[in-house]
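Q: Prediction below, plus the sequence it came from.
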Amino acid sequence: MISKPKGTVDLTDKRARVFKYVEEVIDSCMEKYNYNYIRTPIFEASLLFHRGIGNSTDIVTKETYDFKDRGDRSITLRPEGTAGVVRSYIENKMYGTHNLPVKVYYNGTMYRYERPQKGRLRELSQYGVEVLGSSDPMMDAEVISLAYNINKMLGLDDTVVHINSLGDKESRDKYREALKSYFKPYLDDLCDDCKERFDKNPLRIIDCKVDSDKDYFKDAPKILDYLNEESKEHFEKVCEYLDILEVKYVIDSKIVRGLDYYNHTVFELMTTDNNLALGGGGRYDNLVSTLDGPSTACVGFAVGLDRLVDEIIERDIDNVRNDIDAFIMYVNEDEKKNAIYLANLLRMSGFVIETEYTERSLKSQFKRADYFNSKYLILLNSDDLNEGLITIKNNKTKEEEKIMMEYVIYYFDEHISDDNLPVEEYHNHSEGCDCDE
Ligand code: AMP
């Protein structure tokens with residue numbers, strides 16, 4: 001037997017349904033915030049990630065899937081979505097043809113050669129947004145509240161945003177130096193990764209998972225004390241707007257994010273009963289120019305769909321429908337033709353219909369109908385059909401009635417259309433959805 005590659009998952013059954021449901025909630029929320037869907041290639045020139053994300057990041061140094069294609073080009077499977085969107089923005093000259101800011105969202109698979117464990121895959125799915133062409137703190141706040149509100153719409157009411165500011169280049173350079181002088185006496189005691197980070201990317205020492213409990217980490221300098229006036233003002237405005245948007249957040253000086261391209265606002269989405277981040281993002285005002293585009297202020301985030309789905313399944317809070325409207329039963333060829341006709345008619349009228357595909361005993365058909373939690377059974381019988389009649393049985397109350405086949409759509413319209421609200425409508429009826437207010 002050939003098994004799936006390490007660090008990948010098969011989406012099947014309930015997990016697949018919850019996944020689709022989460023995607024539908026995301027799509028519907030993005031529409032309300034007027035973010036346009038964007039789809040960029042899963043593989044890109046390796047240089048895009050080396051230059052874009054930065055050579056000092058774990059993602060680029062240790063985790064990319066790199067290969068040479070048959071034309072000897074260096075190709076990388078995308079480890080994240082931002083670099084591809086920025087490349088597309090530049091290549092398609094969106095800065096000239098679009099009304100800025102450009103607001104886009106994506107949803108797709110990313111590839112990271114990580115050690116597989118719970119919540120850590122090699123093929124992972126992320127949705128994310130990128131806003132290109134606005135430096136206004138209102139944009140940071142909108143992006144953060146969008147991620148937050150989608151979590152709330154999905155029922156993750158205990159979501160808290162951990163937010164921090166890395167400031168502008170001047171503030172960060174000052175902070176870098178302060179960190180280096182602070183950690184210098186402890187250099188020998190730091191883990192191997194942090195020894196390397198000390199020169200390349202000292203900010204990342206702050207979110208070291210190995211040493212962070214050590215006493216001297218607690219007194220390390222905090223970036224917020226090193227922000228210049230402009231950076232401080234930007235951060236205060238973001239917090240002020242988040243208050244208006246009623247986003248639950250905490251200021252967390254440990255959030256520095258792994259990637260090199262961030263400045264000013266950085267944030268992660270956490271839930272209170274799980275300390276794995278569901279997503280994160282921030283402002284990246286220099287990435288477009290690093291990739292040879294015109295200077296463009298940007299902000300965005302990415303959320304892991306696999307972890308979102310895990311949380312929703314663990315808490316049993318999905319609104320996924322796992323039943324069908326009707327199962328059509330028959331025993332002979334003449335009835336089968338009517339079943340084919342009726343199934344088509346009802347499906348095209350918006351009902352969820354299953355039927356039998358080979359002539360099997362009624363007993364096994366009842367079993368299959370129960371397996372699909374069918375609300376109704378449609379029982380076909382040649383004698384009735386000759387008179388234009390079909391039997392409809394409510395599978396819960398067990399009441400049944402004969403109706404004229406030509407009225408079947410009216411019958412179902414009357415009896416079950418209220419249950420057939422699309423996912424979006426379900427959520428408009430649920431509590432805690434800020435998106436529709
Ligand atoms: P990042 O792009 O590293 O900031 O990650 C954003 C989100 O993507 C994380 O908060 C996770 O939810 C998800 N994520 C990142 N790496 C993985 C992975 N290896 N497996 C599953 N989800 C991941």
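A: Cool, got the structure. Residues are numbered from 1 along each chain as shown.
Q: which strands and helices sit next to the strand or helix carrying Leu124?
A: Take DSSP states H and E as the rule and Leu124 turns out to sit in strand 123-132. When contacts are defined as 3 or more CB pairs under 8 Å, 6 or more residues apart in numbering; DSSP states H and E, strand 123-132 packs onto helix 13-32, helix 82-91, strand 102-111, helix 137-153, strand 274-283, strand 298-304, helix 305-315. For every residue, glycine as well, the C-beta is placed using N, CA and C.
Q: can you do 10 Å?
A: helix 13-32, helix 82-91, strand 102-111, helix 137-153, strand 274-283, helix 287-290, strand 298-304, helix 305-315 (3 or more CB pairs under 10 Å, 6 or more residues apart in numbering; DSSP states H and E).
Q: So which of those is nearest Arg360?
A: helix 13-32 (22.9 Å; CB to CB).
Q: CA atoms only: put the closest one into PDB for me.
A: Taking Å, rounded to 0.1, in the frame of the first residue of the first chain, the C-alpha atoms of helix 13-32 are listed here in PDB:
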ATOM      1  CA  ASP A  13     -15.900  12.900   6.000                       C
ATOM      2  CA  LYS A  14     -16.600  15.400   8.800                       C
ATOM      3  CA  ARG A  15     -13.300  17.100   8.600                       C
ATOM      4  CA  ALA A  16     -13.900  17.800   4.900                       C
ATOM      5  CA  ARG A  17     -17.300  19.200   5.500                       C
ATOM      6  CA  VAL A  18     -16.100  21.500   8.300                       C
ATOM      7  CA  PHE A  19     -13.200  22.600   6.100                       C
ATOM      8  CA  LYS A  20     -15.700  23.600   3.300                       C
ATOM      9  CA  TYR A  21     -17.900  25.300   5.800                       C
ATOM     10  CA  VAL A  22     -15.000  27.400   7.200                       C
ATOM     11  CA  GLU A  23     -14.100  28.300   3.600                       C
ATOM     12  CA  GLU A  24     -17.700  29.400   3.000                       C
ATOM     13  CA  VAL A  25     -17.700  31.600   6.100                       C
ATOM     14  CA  ILE A  26     -14.400  33.200   5.000                       C
ATOM     15  CA  ASP A  27     -15.700  33.800   1.400                       C
ATOM     16  CA  SER A  28     -18.900  35.400   2.700                       C
ATOM     17  CA  CYS A  29     -17.100  37.600   5.200                       C
ATOM     18  CA  MET A  30     -14.500  38.700   2.600                       C
ATOM     19  CA  GLU A  31     -17.300  39.800   0.300                       C
ATOM     20  CA  LYS A  32     -18.700  42.000   3.000                       C
END
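Q: quick one: average confidence on the following helix or strand past that helix?
A: Downstream of helix 13-32, the next assigned helix or strand under DSSP H and E is strand 36-37. Mean pLDDT, computed over strand 36-37, is 98.
Q: Tell me which residues are up against strand 36-37.
A: By CB atoms under 10 Å, 6 or more residues apart in numbering, the residues outside strand 36-37 that reach it are Asp27, Met30, Glu31, His98, Val102, Lys103, Val104, Tyr105, Tyr106, Asn107.
Q: ok, and which of these reach the ligand?
A: Contacts with the ligand within those, as defined by CB under 6 Å from any ligand atom: none are present.
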